[in-house]
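Visitor: Got a predicted model here, sequence first, then my questions.
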Amino acid sequence: MHTSLFESVFSDSFFPHMRTVYVVSDSQLDEIKRKQRQEELDNLDASRKRLEETYQSRIKVIDEREHELQEELKALAPSEKKTELAVEETKKYAVKT
């Protein structure tokens, strides 16, 4: 498709991109800066809360897994002790006879 000469002359490619300039008073500029800083502070607070929530949930998962492993160790420990005791008793009786 061909573009007309008019479109070619006035297309953006021939002109440097124009920047929009806003003129504001010092008080307006201070208010804009205040709002930006407040928004940044709010974002930091929100990020901190999300990070703390994530941290707490990970700690909970780790604690639960630690508890599971401790319970498994407790369940395994008596059977190992019983086996050791049985071997020791067998040795005692073998020595006596």
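Guide: Yep, it's here. This structure is a prediction, so every number in the text was calculated from the model and none was measured.
Visitor: Could you use CA atoms for every contact and neighbour count after this?
Guide: Will do.
Visitor: Which of the helices and strands in this protein ranks last by mean pLDDT?
Guide: When the helices and strands of the chain are compared on mean pLDDT, DSSP states H and E, helix 5-9 comes out lowest with a mean of 63.
Visitor: Could you look up the SS state of M18?
Guide: Applying DSSP: H, G, I helix; E, B strand; the rest coil to M18 yields a three-state assignment of coil.
Visitor: Report pLDDT for it.
Guide: M18 carries a pLDDT value of 78.
Visitor: Next, count neighbours for it.
Guide: 7 (other CA atoms under 10 Å).
Visitor: what's Q56 sitting at in phi/psi?
Guide: phi -60, psi -40 (degrees, to the nearest 10).
Visitor: and it, how far is that from N43?
Guide: Distance, Q56 to N43, using CA to CA, to the nearest Å: 20 Å.
Visitor: where does L69 land on pLDDT?
Guide: For L69, the model assigns a pLDDT of 95.
Visitor: Over to S25?
Guide: 95.
Visitor: Show me where the chain has its helices.
Guide: Using DSSP state H, the helices assigned to the chain run over residues 5-9, 26-96.
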